[in-house]
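[1] Sequence isn't available, so here's the structure alone:
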């Protein structure tokens, strides 16, 4: 049994390499593994080198980063709230990002508030500011409220309220602006530029470092907050670190790629079932690697089916969510 995680980690690593290669091979122009390798080494015709280096490699890296970020943040939320249906967006991070983008794309043009500063901020900047604003609210609430379920309910209510504001902005906006906002909500892994990668990767890396640092608190929280406190856990500090990690991970990915649903909700359950453990020392890296593999697979499917990435992740995640609900219902009846 001790060799099971090692074998699964090795298999996941091999699967990721295969999917990464397949992802870079797939597109409007099919390429062979040899062509990809030559292009990465700077050999071959300039058109192939440009396609591989400037488009497909960047998109594959975004898929890897976003898959790892959403999966790790989803695992943290499920453990913190002790809820199998919790995801990285349960705190309203996506709603905050959506509000920021809605203000940038819908309210600013509608009310004639354009300025050079707002133009330079861009969609990603607007989304990140919205996510950061949500983090500030949640952090302030978390310091005063001890019951984690109250924070969960407040997060859901906050999301509903922000969603209502976004709907009002959609109703009042012009057609072109509304189309841009709807396209953003579909999610995309291909809109991230090379310069934006220098912001995306460090922010996600910082969030992943924090997620690794809170592995011990997450293991203690599996037995409930009261038990964790009796074992010496600083609950406020641990909550703050988990909230910060989730915002860096889910908020950054949402800012640059749009709201990508179901990955953070479904992947932790896949990893938990495959590795047959709840120990976050194994489960956290397993969830990150599984998220990378599944996001690469979803990116390949979105290219082949010519569908938005959000549609593909939903088709993957919905059956898993249904399985979770049915499984929990069967356990309750016993």
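    Cool, got the structure. Everything numeric in this text was worked out from a predicted model, so none of it was measured.
[2] Give me the buried positions along the helix or strand hosting residue 294.
    Residue 294 is part of helix 280-305 when elements are defined by DSSP states H and E. For helix 280-305, a neighbour-count test (16 or more other C-beta atoms under 10 Å) marks 280, 282-303 as buried. C-beta here means a position set from N, CA and C on the backbone, and glycine is covered the same way.
[3] after that helix, next one along is what?
    With DSSP H and E, the next secondary element past helix 280-305 is helix 309-333.
[4] Mind giving me the packing neighbours of the helix or strand containing residue 269?
    Assigning secondary structure by DSSP H and E places residue 269 in helix 263-275. Judged by 3 or more C-beta pairs under 8 Å, 6 or more residues apart in numbering; DSSP states H and E, helix 263-275 is in contact with helix 3-25, helix 57-81, helix 280-305, helix 309-333.
[5] rerun at 6 Å
    When contacts are defined as 3 or more C-beta pairs under 6 Å, 6 or more residues apart in numbering; DSSP states H and E, helix 263-275 sits against helix 57-81, helix 280-305, helix 309-333.
[6] Identify each of the helices in the stretch 151-300 of the chain and give its residue range.
    For the stretch 151-300 of the chain, helices defined by DSSP state H, counting those that start in this stretch occupy the ranges 175-185, 194-213, 215-221, 225-230, 235-246, 252-257, 263-275, 280-305.
[7] Out of those helices, which is closest to residue 49?
    helix 194-213 (14.5 Å; C-beta to C-beta).
[8] who touches the closest one?
    Helix 194-213 has contacts (C-beta atoms under 6 Å, 6 or more residues apart in numbering) with 65, 69, 72, 241, 245, 248, 249, 252, 256.
[9] Confidence-wise, which of the helices and strands packed on helix 263-275 is weakest overall?
    Comparing mean pLDDT across the helices and strands packed on helix 263-275, the weakest is helix 309-333, with a mean of 75.
[10] got the angle between that helix and helix 175-185?
    50 degrees (axes from the mean of the first three to the mean of the last three C-alpha atoms, to 10 degrees).
[11] Residues contacting helix 309-333, please?
    84, 186-187, 189, 260-263, 266, 269, 298, 301-302.
[12] Which ChimeraX command selects the buried ones in those?
    In ChimeraX, this line selects whichever of the contacts of helix 309-333 come out buried by 16+ other C-beta under 10 Å:
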select :187,189,260,261,262,263,266,269,298,301,302
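[13] Compile the contacts of helix 309-333 into TSV and extend it with columns for distance to residue 25.
    Converted to TSV, the contacts of helix 309-333 look like this (distance: C-beta to C-beta, whole Å):
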residue	distance to residue 25
84	36
186	24
187	22
189	16
260	23
261	27
262	25
263	23
266	26
269	30
298	16
301	14
302	15
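[14] ok so, going back, what's the most buried one of the helices of the stretch 151-300 of the chain?
    Mean neighbour count (mean count of other C-beta atoms under 10 Å) peaks for helix 252-257 among these, with a mean of 29.
[15] What is that helix packed up against?
    Applying 3+ C-beta pairs under 6 Å, 6+ apart, we find helix 252-257 packed against helix 57-81, helix 93-102, helix 116-144, helix 194-213.
[16] Just the buried residues of the longest one, please?
    Taking 16+ other C-beta under 10 Å as the neighbour-count basis, helix 116-144 is seen to contain the buried residues 121, 123-135, 137-138, 141-142.
[17] can you give me the mean pLDDT across that helix?
    Mean predicted confidence for helix 116-144 is 73.
[18] What of stretch 260-277?
    Averaged over stretch 260-277, pLDDT sits at 89.
[19] who wins for proximity to residue 26 among the helices of the stretch 151-300 of the chain?
    helix 280-305 (4.9 Å).
[20] which residues does the spatially most central residue of the chain contact?
    Centroid-nearest residue in the chain, with C-alpha atoms, centre = their mean: residue 70, separated by 2.6 Å. Contact analysis of residue 70 by C-beta under 6 Å, 6+ apart lists 88, 253, 263, 264.
[21] And it, how far from residue 313?
    Per C-beta to C-beta, to the nearest Å, residue 70 is found 9 Å from residue 313.
[22] just residue 174 next, same as before
    In terms of C-beta to C-beta, residue 174 sits 30 Å off from residue 313.
[23] and these two? which has more neighbours close in?
    Neighbours were tallied for residue 174 and for residue 313 using other C-beta atoms under 10 Å; the higher tally belongs to residue 313 (27 against 11).
[24] The more buried one: what's its closest spatial neighbour, skipping adjacent residues?
    residue 262 (4.9 Å; C-beta to C-beta, 6 or more residues apart in numbering).
[25] residues contacting that neighbour?
    So residue 262 contacts 313, 314, 317 (C-beta under 6 Å, 6+ apart).
[26] Turn the helices of the stretch 151-300 of the chain into CSV, columns for distance to residue 76.
    Listed next are the helices of the stretch 151-300 of the chain as CSV, based on distance: least, C-beta to C-beta, whole Å:
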stretch, distance to residue 76
helix 175-185, 24
helix 194-213, 6
helix 215-221, 7
helix 225-230, 14
helix 235-246, 5
helix 252-257, 14
helix 263-275, 9
helix 280-305, 9
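[27] and residue 19, which of those helices is closest to it?
    Here helix 280-305 is closest among those (C-beta to C-beta), at 3.9 Å.
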